[in-house]
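S.K.: starting from these lines, generate the structure:
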Amino acid sequence: MKDGYDSFEDLWIWREAMEICHEVYLCMKDSRNFKLKDQMFDSSVSMPSNIAEGFELHTDRLFIRHLYISKGSAGELRTQMYLAIRQQHVPEDIGKNLINRIKRLAAGIQNFIAEREKKSRRKSTQKI
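M.R.: The predicted structure is shown next:
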């Protein structure tokens, strides 16, 4: 893919999503609420996985679609983190820090989507 990114590993949104995923695993590993834990693991893994999958498809349209899915997973994980804090599966300070990081990640994904959409529109108008 062009635009200065040779691989999805070059994207800060992917790297941050991986870090958040790792931290979710650490803070939930001992939880006995298996349903919530599994859902949190799934949504946290979905964030970097969809960024990577979309990148590897090598089309703006499919990449943008996967970025939206990743952003949706961020919203899902935030909701689950609020619940994990309330049910005392995650300490409040750690959970709130993760929620803030997830919000920043979601904003970063949205900004990346906007840039990709802009570039995609420019490409399509240049072909006419």
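
S.K.: what lies in contact with stretch 114-123?
M.R.: With Cβ atoms under 8 Å, 6 or more residues apart in numbering as the test, stretch 114-123 has contacts from 3, 60, 61, 63, 64, 67. Heads up, the C-betas are built off the backbone N, CA and C, glycines and all.

S.K.: and for stretch 86-95?
M.R.: With contact meaning Cβ under 8 Å, 6+ apart, stretch 86-95 is reached by 23, 27, 28, 31, 33, 36, 37, 81, 82, 84, 85, 98.

S.K.: quick check: buried residues in that stretch?
M.R.: Buried residues in stretch 86-95, counted by 16 or more other Cβ atoms under 10 Å: 89, 90, 95.

S.K.: got it, and stretch 67-79?
M.R.: 67, 69, 70, 71, 72, 73, 74, 76, 77, 78.

S.K.: again with stretch 49-57
M.R.: Here stretch 49-57 shows 49, 50, 51, 52, 53, 54, 55 as buried, counting by 16+ other Cβ under 10 Å.

S.K.: and the third one, how far from residue 10?
M.R.: Between residue 51 and residue 10 the computed distance is 11 Å (Cβ to Cβ, to the nearest Å).

S.K.: now swap in the fifth one and tell me
M.R.: The spacing between residue 53 and residue 10, counted by Cβ to Cβ, is 16 Å.

S.K.: surely residue 14 is in contact with residue 8?
M.R.: Yes. Between residue 14 and residue 8 there is a contact under Cβ atoms under 8 Å: 5.0 Å.

S.K.: so which of the buried residues of stretch 86-95 sit within helices?
M.R.: Using DSSP state H, residue 95 are the members of the buried residues of stretch 86-95 that sit in helices.
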